[in-house]
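Novice: My questions are about this predicted structure, shown below with the sequence.
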Amino acid sequence: MDGSRGDGSKAAGGNGAPTKGKPYRVIGKPNPKVDAWDKCTGVTKFADDLVLPRMLHAKLLRSSVPHARIVRIDTSKAEKLRGVKAILTGKDLPIPYGILPVSQDEHALALEKVRMVGDPVAAIAAVDEDVATEAVDLIEVEYELLPAIASIQEALDNPETRIHEYGEFGNVHRRQVYEFGDVEAGFSEADFVREDLTFYEGSTHLPLEQHASLAQFFHDGKLTLWSSTQNPHYLHRSLAKVLELPQSHVRVIATPCGGGFGGKCDPFQHEIIVSKLAMVTGRPVKICLTREEVFYCHRGRHPVLMATKTGFKKDGSITAMHHRTFLDGGAYGGHGAASTFYTGVLQTTTYKIPHYRFEAVRVFTNKAPCGPKRGHGTPQGRFAQEVQMDKIAEQLGLDPAEMRQRHAVEPNSLTANWLRIGTTGMSQCIDKVVGGSRWKERFRKLPYGKGIGLACSAYMTGAGTAIYWNKMPHSGVQLKLDRSGGVTVFCGSSDIGQGSDSILAYIVAEELGIEPADIRVVTADTDLTPVDLGSYSSRVTLMTGNAAVQAAERAKKILVQAVSEKLEVPTDRLIFADRRVFDMENPEKGMSFAEAVWLAEAKFGTLGTTGSYTPPNAPGKFKGSGVGPSPAYSYCAAVAEVNVNPETGIVVVERVWMAHDGGQSINPVLVMGQVEGSIYMGLSEAMMEEMTYRGNRNVVHKFPSFLEYKSPTTFEMCDVITYLLEEPDSAGPFGAKEAGQGPLLPVPPAIANAVYDAVGVRIDEVPITPDKVLKAIRAKAKGQEGRFGPLNFPTCPMPEAVLVPTPWSGGTGESAKRETALAKA
Amino acid sequence: MKKVKKSSKRAAAQKAHITFKVNGEPVEVAFAPHKTLLEVLREDMALTGTKHGCELGECGCCAVLVDGQPVLSCLVLGLTVEGREVTTVEGMAEGARLDPLQEAFAELGAAQCGYCTPGILLTAKALLEKVPSPSRQQIQSALAGNLCRCTGYIKIYEAVELAAARKAGNPATPRRESVYGWQ
């Protein structure tokens, strides 16, 4: 489709559109994405679009029971079916794996036990999908049922029925207790202390593309896997481990990802299985999961029950917070150990909290495993905090917007738990949405049934540490400059629709003075591209962008030497722009970019450079301090306007105003898309999404389909008014921060707060469904508390807290615990 | 002795042979008669631009035009298009010239992951044929059967509106607020 592209300078928005900050040529302009035309013409090849000669098709037999020992698997009938080429069971892939080194608790096919409905038990490769499906039905499995655990409380109550043999004890997977400062001292300084219980229901990513993978094994012993994955690098490592192949013999190519949202981050069973089937059969093997199977892959939002105790003064300033969370983790570890941290570590990034204690417990249950979904573990804690802020303002008779601004975290500061905050535009974000929504005229003044609510948030621009410990860069970029004047960018990052391929092209084009259309981007191929850790934690623009800047600067250094010699102009006077290299004092004196490449290649030989990026060391040095630090934090504020029908309890979200501080936009139209998509997903979680199971019927998923698992159609999506605050942050390339996840977070609490403004009842859990609203309205009418939400909080024996002195009490970032223990000894 | 069981479905699968028009060109295709139009397009004709998200008629990814009307290709048998005219995303451009919808979607980032895009483009094309300058509500109604998880639909609406304006001969550009946000 190259012919239809024209030159890459064609941009939306017309001429004269403002560019903030420096006068960039490409950065800050709404250039079309490099893959936009392919995606709009049907050219893009997703994983299931790939076809190889002699390709076989795989299907999986999945467990129909939630928790059982496998007594017997009989595959004899399936083996006899014509067209069946191979059958695998657990014994064929006995090596465990998992995304985190601390949770290697998954098997590609169940070994002795199944732990959820949907666990793969056997796999078939056959000449077509129909035969494979028929063969799956011929496999007989005898199960010895074990008691099934369907909730956090059941997991705590039944320690003798262990889902896994590892973990803290019983079915408790992880426990974490941290105290930064002295919360009791903080509470004693408070004028008021309140504790609120909230619950955030689990939800799934629901990407439109079903997971699909294609494997090919070659007779030289090398394997290639094409897969719809967000993290080809981590998948590469897991494949090599389970298949017992040298990593150098495994190639993972991440195909364009038809929706990720965190749901394609873990290495999945089917990816390992098709690889093994390709090795066994000597033929390419493809699998495309059914929509129902996508629900079993899950790794989505953890259901989290929270108790948030906060001490505050009459002016709304917080003196201490004690935040406790229980996570329903589902059947496997996955990212869960990290998710557990994330339910609390970012609570300190929005308002000043001098003392902070955080306790978290993750349990195993016999349900699809939870993990990272857009905002990974943080929307839950943010919901608890932002709804409570609204209650505090109400209790004190303060305006919740002004109260938040007064106590906002300062730029360039450290939090109680040692996170380094750089720029923050939260207060300006509040100004924007307050102005836009006419907050001051309307808050608490609208007629019964109509309401507005406000909430804020912050989010990481990339996790400061890798998933496995190492000292290497998080992102690498290679540039190849060729005689055509074109440049190829190689990078391991995987574009999941957010536009990461385009970001590389824009940044290199800006640096080298050429157009995005002059650049080829080759990404997400473990054989061809340097490692980038993956598309998660909103890390890609910042990390690959910084690596790309470094690689381009190195290329410029080479080019200017050759050009300077030829033109007899000092190197520091040479400018790269408009596909030329020229003398800034005499722009006529110069040459085309392609000519510069010719000269440099003649002088230095083949031209190529690399760049890499490693995040700065975090100021926290205590065990567990690796989760939460980020090179930069995005900030945002949202106001939601709702219409509540008090007769039916139906809540309609009319509009959301969102102001997002994402630093300098590399491309504003893509940032707008991320913000709008985040608002959509926040709205969806607030109003309807529920990953729920029938506890009394075999713990089967209630509705593993698009039709019944509710997500907004065009009819449910609200109006959106977006403001971009583009204050550059020095940590990001050209000052960019994240945009893909942060703006989801304030949406659910803003809606809950708006419901209170509309009808005076508190819905302390999501989704905010009509039955809950109606119950709260009726309770209030009877003179009871107008609230729907959790009433009890479980107990669990907890270890001693890791005590960490805060930066303002002489702390060094180390934990105090070891010193205390030594002193005692 | 190893007995080989004959697959019952495969025994029945004597191929059907039909002619119809795809993207303006007459074609003859042979395929197992139980195949859906989606499967025939993707598997027998290599037109993989048509996507699938559920194969149950729930998501709208597989929408194509049959005689100009949007149809969920996962819900109709391939046999039903005999003698009819099917348009897929591959056939939206006129030669080297893209449909204004395709241009506008590319320009506004209305295709993020791009997986729902073909179905939405074709559904929108059918709308604009019928209603050349649709209101926002008419766009919402037309696209209510197409799920998108990336965009929140906003950029999609804006792209359809932009394409409609351009189709009417108006040299429209995107609104400033769509691209840079509100002031």
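Specialist: Ah, there it is. Residues are numbered from 1 along each chain as shown, chains lettered A, B, ... in the order given.
Novice: Please count neighbours and contacts with C-alpha atoms only from this point.
Specialist: Will do.
Novice: Surely residue B:121 touches residue B:100?
Specialist: No. The criterion here is C-alpha atoms under 8 Å, and residue B:121 misses it with residue B:100 at 10.2 Å.
Novice: which of these two has more neighbours?
Specialist: Taking other C-alpha atoms under 10 Å in any protein chain shown, residue B:121 and residue B:100 do not tie; residue B:121 has more neighbours (27 against 20).
Novice: Who are the contact partners of the more buried one?
Specialist: Counting by C-alpha atoms under 8 Å, 6 or more residues apart in numbering or on different chains, residue B:121 touches A:40, B:89, B:101, B:102.
Novice: Those residues in helices, which ones?
Specialist: A:40, B:101, B:102 (DSSP state H).
Novice: And the residue nearest to the spatial centre of chain B, what's its pLDDT?
Specialist: In chain B, the residue lying closest to the centroid (C-alpha atoms, centre = their mean) is residue B:119, at 3.1 Å. Residue B:119 is assigned 98 on the pLDDT scale.
Novice: Could you identify the helix or strand that succeeds the strand or helix carrying it?
Specialist: Assigning secondary structure by DSSP states H and E places residue B:119 in helix B:117-130. Next helix or strand after helix B:117-130 toward the C-terminus (DSSP H and E): helix B:136-142.
Novice: Quick one: residues in contact with that next one.
Specialist: So helix B:136-142 is in contact with A:714, A:715, B:123, B:124, B:127, B:157, B:160, B:161, going by C-alpha under 8 Å, 6+ apart.
Novice: which one among those residues gets closest to residue A:623?
Specialist: Of all the contacts of helix B:136-142, residue A:623 sits closest to residue A:714, with 46.1 Å by C-alpha to C-alpha.
Novice: By mean pLDDT, point me to the weakest helix or strand of chain A.
Specialist: In chain A, no helix or strand scores lower on mean pLDDT, DSSP states H and E than helix A:2-5, which sits at a mean of 34.
Novice: Just name the shakiest helix or strand of chain B by mean pLDDT.
Specialist: Per-SSE averages on chain B (mean pLDDT, DSSP H and E): minimum helix B:8-12, a mean of 51.
Novice: Give me the residue at the spatial middle of chain A.
Specialist: Residue closest to the average C-alpha location in chain A (C-alpha atoms, centre = their mean): residue A:374, at 3.9 Å.
Novice: Spit out the contact partners of it.
Specialist: By C-alpha under 8 Å, 6+ apart, the neighbours of residue A:374 are A:261, A:262, A:740, A:741, A:744.
Novice: so can I have CSV of those residues showing pLDDT, neighbour count and secondary structure?
Specialist: Below are the contacts of residue A:374 laid out as CSV (pLDDT from 0 to 100; neighbours: other C-alpha atoms under 10 Å in any protein chain shown; DSSP: H, G, I helix; E, B strand; the rest coil):
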residue, pLDDT, neighbour count, secondary structure
A:261, 98, 28, coil
A:262, 98, 27, coil
A:740, 96, 28, coil
A:741, 98, 29, coil
A:744, 98, 29, helix
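Novice: same for chain B: which of these are within range?
Specialist: The overlap between the contacts of residue A:374 and the neighbours of chain B (C-alpha under 8 Å from any C-alpha of the partner chain) is empty.
Novice: could the contacts of residue B:121 go into TSV alongside pLDDT and distance to residue A:186?
Specialist: Listed next are the contacts of residue B:121 as TSV, based on pLDDT from 0 to 100; distance: C-alpha to C-alpha, whole Å:
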residue	pLDDT	distance to residue A:186
A:40	98	57
B:89	98	62
B:101	98	59
B:102	98	58
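Novice: Any of those residues buried? List them.
Specialist: Buried members of these, scored by 16 or more other C-alpha atoms under 10 Å in any protein chain shown, are A:40, B:89, B:101, B:102.
Novice: would you list the ones in helices among the contacts of residue B:121 in a markdown table and tack on distance to residue A:31?
Specialist: As requested, the ones in helices among the contacts of residue B:121 are exported to a markdown table (distance: C-alpha to C-alpha, whole Å):
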| residue | distance to residue A:31 |
| --- | --- |
| A:40 | 15 |
| B:101 | 17 |
| B:102 | 15 |
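Novice: Name the member of the residues you listed with the shortest distance to residue A:811.
Specialist: Among those, and counting by C-alpha to C-alpha, the member closest to residue A:811 is residue A:40, at 54.7 Å.
Novice: quick one: which of the contacts of residue B:121 is nearest residue A:614?
Specialist: residue A:40 (35.2 Å).
Novice: Name the nearest residue to that closest one, sequence neighbours excluded.
Specialist: Distances taken as C-alpha to C-alpha, 6 or more residues apart in numbering or on different chains place residue B:102 nearest to residue A:40, at 5.5 Å, with adjacent residues excluded.
Novice: Then residue A:645?
Specialist: Residue A:645 sits nearest to residue A:449 (C-alpha to C-alpha, 6+ apart), 6.1 Å away.
Novice: For the stretch 301-450 of chain A, which segments count as helices?
Specialist: A:336-342, A:378-396, A:400-406, A:426-436, A:439-442 (DSSP state H, counting those that start in this stretch).
Novice: closest one to chain B among these?
Specialist: helix A:426-436 (8.6 Å; C-alpha to the nearest C-alpha).
Novice: so what's the backbone phi/psi at residue A:591?
Specialist: phi -150, psi 170 (degrees, to the nearest 10).
Novice: list the contacts for it?
Specialist: Neighbour list for residue A:591: A:580, A:581, A:582 [criterion: C-alpha under 8 Å, 6+ apart].
Novice: now, which of the residues you listed sits nearest residue B:75?
Specialist: Distances from residue B:75 to the contacts of residue A:591, taken by C-alpha to C-alpha, are shortest for residue A:580, at 54.7 Å.
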